[in-house]
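>>> got a predicted structure plus its sequence, pasted below:
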Amino acid sequence: MNAGYIFFFHKAFVMQHLFLYRGIYMHYDFSLSKCILVGVLVTVTLGVMPVSGASYSVGVKVGDWVKYEVAGTVPYLSDYDWVRLEVQNVNGTEITILATVHYKNGAEETNSLSWDIETGREPWIIPANLNKGDSIPFRYDTAVINDTLTKTYAGASRTVNLLNLSEYDEYTEMIAYWDQDTGFLLELFLNYSSLTESWAGGYKAIETSLWSPTPQMTIELSSETAARGDLVTVSASMEDLAGNPIEGATVTVYINDKAVDLLDLGDGYYEVDVDTSDIIEGTYEITVSAHKEGLQPIDVSGTLRVEPRILHVTIQLSTDTATQGDIVTVSATVRDLAENPIEGATVFAILGHKTVTLSDQGTGNYEGNIDTFDISEGTHLVTVTAEKELCEPAENAETLNVKAAVPWVLYIGVAAIIIVIAVVIIYRIRK
């Protein structure tokens, strides 16, 4: 490439390769040590011809704007706070922008600048939708896009085109990034070093109308595995790329066909308890979506496994041996595998041909009585079963020995014999 010059304007804007200052055209002294800043990079040419056969598209429209922070050690740079460029007119491939320089003392200056993207005279906007290896008109000749990559600007991740000219001129390196979709400049860095002077600095997009910032969001589940019917707490934290909390967003968690809004707890935190009673057992990808005006929507995914709630029951008998006709008390405790007490279950005990429903005593405890008067003599199992909706049923058993009762006729006969014996003994004693 032929050598070119870097122009910056201070209290004036570059127009037609001359500085216009307070209405007076002044030829520019091309000594780089006398360059003054504002932020327009131009090439000194008498005319740059479009690249032969190239067909370029304009990616901007009237009203589009980008605001840049200005930083570095370039001479006079400390005077500037920010620079804002807004598209004023688009006529074919010719673009007019309004440039506003805001000084740190609060003063502002504006001017307009027009060029055709087919000539490549200005770096602020280049053709849209270029890719690595594409050529663009630049300075006296053409330049080739070095790379197409992803970087973050003005709060969003963007696909950008990189142009790195290590020898922009004898003493200067230039690195520039343009938004691929629109062709708008997003970052320009200049590094100048000679025997007598050195400086570095440039511009970086910090705000724009071209897109909305993309927030950052992290989510957390109280548990990634839940028994059906459990409450799962879904928490989300939102902040911008600078780490500032984002409040007032609409945040929703989606699990299968279920959608639940999170509550805004303030300071960028959102939370809700999700009831899994109506979620069929299985493994689900859950999605937390956040929306807020002025921000890009964001989705963050996670995984939740819903398992059947499995019950287990323990039982205790008031005795392990009973005589026919005794009342045996059956006590049962019902819990899930996490040892949470289960209330409201249906619990019943079976002894032989008898079935008795145990009453709910609260905190997972159940109790009932079984009359053994018509239970045959022998060893029996007392089986307790616990059932509840959305739960896997459970049962357990204990052994009960039942002894036969002595018939009442037998008791009378024995008593009569005892009486007779007693009478005989008394008679003999008296005799």
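Received, thanks.
>>> can you show me the strands along the stretch 151-300 of the chain?
Taking DSSP state E, counting those that start in this stretch to define them, one finds strands in the stretch 151-300 of the chain at 156-165, 172-179, 185-193, 198-208, 216-221, 225-227, 231-239, 250-255, 258-261, 263-266, 269-275, 282-291, 298-307.
>>> between these, which one is closest to A404.
Among the strands of the stretch 151-300 of the chain, the nearest to A404 by C-beta to C-beta is strand 225-227 (46.2 Å). Backbone N, C-alpha and C define where each C-beta goes, glycine included.
>>> so which elements touch that closest one?
Contacts defined by 3 or more C-beta pairs under 8 Å, 6 or more residues apart in numbering; DSSP states H and E place strand 225-227 against strand 298-307.
>>> pLDDT averaged over the helix or strand just after the strand it packs on, what's the number?
Scanning forward in sequence from strand 298-307 by DSSP states H and E, the next helix or strand is strand 309-317. In this model, strand 309-317 has a mean pLDDT of 93.
>>> likewise stretch 161-179?
Average pLDDT, stretch 161-179: 89.
>>> in that stretch, what's buried?
161-163, 165, 168-169, 171-179 (16 or more other C-beta atoms under 10 Å).
>>> which two from those end up farthest apart in space?
Y171 and D179 (28.6 Å).
>>> hang on, the earlier thing: out of the strands of the stretch 151-300 of the chain, nearest to A345?
That would be strand 225-227 among the strands of the stretch 151-300 of the chain, by C-beta to C-beta, at 14.2 Å.
>>> quick one: residues in contact with that closest one.
Strand 225-227 is contacted from outside by 232, 276, 304-310, 336-338, using C-beta atoms under 8 Å, 6 or more residues apart in numbering.
>>> most packed of the strands of the stretch 151-300 of the chain?
Burial of the strands of the stretch 151-300 of the chain is given as mean neighbour count (mean count of other C-beta atoms under 10 Å); strand 172-179 ranks first at a mean of 22.
>>> quick one: strands adjacent to it?
Here strand 172-179 has these sheet partners by DSSP bridges: strand 156-165 (antiparallel), strand 185-193 (antiparallel).
>>> which residues touch it?
Residues from elsewhere that reach strand 172-179, judged by C-beta under 8 Å, 6+ apart: 6, 32, 41, 59, 123, 125-126, 130, 151, 153, 158-168, 184-192, 210.
>>> what angle separates that strand from strand 198-208?
Orientation check (axes from the mean of the first three to the mean of the last three C-alpha atoms, to 10 degrees): strand 172-179 against strand 198-208 gives 10 degrees.
>>> using CSV, list the CA coordinates for strand 172-179.
Listed next in CSV are the C-alpha coordinates belonging to strand 172-179 (Å, rounded to 0.1, in the frame of the first residue of the first chain):
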residue,chain,number,x,y,z
THR,A,172,1.7,4.0,12.4
GLU,A,173,-0.2,0.8,13.0
MET,A,174,-4.0,0.8,12.6
ILE,A,175,-6.4,-1.7,14.0
ALA,A,176,-10.1,-1.3,13.2
TYR,A,177,-13.2,-3.4,13.8
TRP,A,178,-16.5,-2.9,11.9
ASP,A,179,-19.9,-4.4,12.7
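>>> can you give me the helices in the stretch 301-431 of the chain?
Counting by DSSP state H, counting those that start in this stretch, the stretch 301-431 of the chain has helices at residues 408-430.
>>> picking that back up, and of the strands paired with strand 172-179, who's closest to S318?
Closest to S318 of the strands paired with strand 172-179, according to C-beta to C-beta: strand 156-165, at 70.3 Å.
>>> what separates the closest one from the chain centre, distance-wise?
26 Å (C-alpha atoms, centre = their mean, to the nearest Å).
>>> cool, and stretch 141-160?
Here the centre of mass of C-alpha atoms in stretch 141-160, compared against the chain's by C-alpha atoms, centre = their mean, lies 26 Å away.
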